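[1] Got a sequence here, can you build the structure:
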Amino acid sequence: MLKKCLFIILSAYLMSGCGGKEECGNGTLDVNEQCDGFDFGSLTCYNINKEPSEYIGGQLGCSNSCKIDISSCNPCWKYPCGPYGTSVGDTIENYEFSPGNPLSRNIAGADGIFKLEDLYRLSEARELNLKLLVIFASTGWCPYCKFEANILDLIYLKYKDQGVMLLGVIAQDEIGNPATPTYAEQYGNNYGWSFPSVAGFLEYSLWPDSNSIAYPFHLIVDLNSMTILDQDVGTKDFYQLEAIVNGVLDKKK
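    Next comes the predicted model:
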C-alpha cells in the first residue's frame, strides 16, 4: 500500500513540475515560442532578418505572447539614415571605394570594400575617437595635386590624435583611366602617406559647381553625423589646410 501511494505521489509530481511544462512567461525559450522574457536564443537585432546588419543597434523586445518585437532595434546604427545630399549641411551617402594601401584594407575589413560606414564606426558616435574626415580627391594627371599631395601627411600627423582622419581618393591614373587599387596605393606611397588611400570616384554633384569639375577637390565631413561641412576646389598649402581644419575643429568644441 505504501509503495502504491509513493508511486501516485511521484507520478503527480513529475506531471506537475519536473516534466517541463511549456508556458509563455516562464522566462525560458520553449518550442513554438520566438522568445520568452529576455531569452531570445541566439537572435539579436543584428541577425533577426535575412539581410545581416539591416538592424544592428538596439535591443530585441518580447511581447506577452512570446513574439519578438523589433521596434527598439535601430536601422540607422550602422550608418545614418537618409535622405542623403551633396551640399553643405546634407548627410553624405555611404560611398564605396576600392582599398589601396594596407591601412585602407584593414579598415575595409573582410568584405574588401572601403565604405564611409567603415570610418563612421570608428567615430565618437560609436564611442571611439574619430570626429572629422578630410577627403582629398585627386588624379594622376593633375599637376596641381602633386604639391598638395606632398604635404598631406604632415597635416594628418599633426591632427590624427585630435580625431581627424584623411582619406585620399584617387579617381584616374596619368592617362585618364580609372585608378586601380594598386595605382591608388602607389600614388599614396609616392608622397609618403600614412593615411588611407583608395581608388574610386565621388559623384560630381559634390563639387561646389558641378559644371566645372577640377582637382584637387576637398570634402570635409563630420564623422559623428556624416554631415558635409565644407566643399572646396583648388590646391592648398600647409597653412591653408591647417586653417581649414582648425576652423572646423573650433566650431565642434
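[2] Angles on the backbone of the closest residue in space to Cys81 that isn't next to it in sequence, please.
    In space, Cys81 comes closest to Pro75 once its chain neighbours are excluded; the distance is 6.7 Å by C-beta to C-beta, 6 or more residues apart in numbering. Every residue, glycine included, has its C-beta placed from N, CA and C. According to degrees, to the nearest 10, the main-chain angles of Pro75 amount to phi -70, psi -10.
[3] again with Asn32
    When quoted as degrees, to the nearest 10, the phi and psi of Asn32 stand at phi 70, psi 10.
[4] what about it, how many neighbours?
    If you count neighbours by other C-beta atoms under 10 Å, Asn32 ends up with 7.
[5] Tell me how far Gly85 lies from Lys252.
    For Gly85, the distance to Lys252 (C-beta to C-beta, to the nearest Å) stands at 20 Å.
[6] Looking at these two, which is more packed in?
    When Gly85 and Lys252 are compared on other C-beta under 10 Å, the one with more neighbours turns out to be Gly85, at 15 against 12.
[7] Test my guess that the residue nearest to Cys81 contacts Tyr46.
    No: at 11.6 Å, Pro75 and Tyr46 do not qualify as touching, with contact defined as C-beta atoms under 8 Å.
[8] Show the contacting residues for Gln231.
    Residues in contact with Gln231, defined by C-beta atoms under 8 Å, 6 or more residues apart in numbering, are 87-88, 206-208, 217-220.
[9] who wins for most neighbours among the residues you listed?
    In terms of neighbours by other C-beta under 10 Å, those top out with Phe217 at 24 neighbours.
[10] Can you give me the distance of the closest residue to that residue other than its chain neighbours to Asn26?
    Nearest residue to Phe217, sequence neighbours excluded (C-beta to C-beta, 6+ apart): Ala137, at 4.1 Å. Distance, Ala137 to Asn26, by C-beta to C-beta: 59 Å.
[11] These two: which is more packed in?
    Here Ala137 and Asn26 are compared on neighbour count by other C-beta under 10 Å; more neighbours surround Ala137, at 22 against 15.
[12] That one sits in which helix or strand?
    Ala137 belongs to strand 132-138 when elements are defined using DSSP states H and E.
[13] what are the pairing partners of that strand, and which direction each?
    For strand 132-138, the pairing partners within the sheet under DSSP bridges are strand 164-170 (parallel), strand 217-222 (antiparallel).
[14] and the very next helix or strand once past it, how far out from the chain's middle?
    Using DSSP H and E, the next helix or strand after strand 132-138 towards the C-terminus is helix 143-149. The gap between where helix 143-149 is centred and where its chain is centred comes out at 29 Å by C-alpha atoms, centre = their mean, to the nearest Å.
[15] Go ahead and measure how far the very next helix or strand once past helix 143-149 is from the middle of the chain.
    Later in the chain than helix 143-149, the nearest helix or strand by DSSP H and E is helix 152-159. In terms of C-alpha atoms, centre = their mean, the centre of helix 152-159 is found 23 Å from the chain centre.
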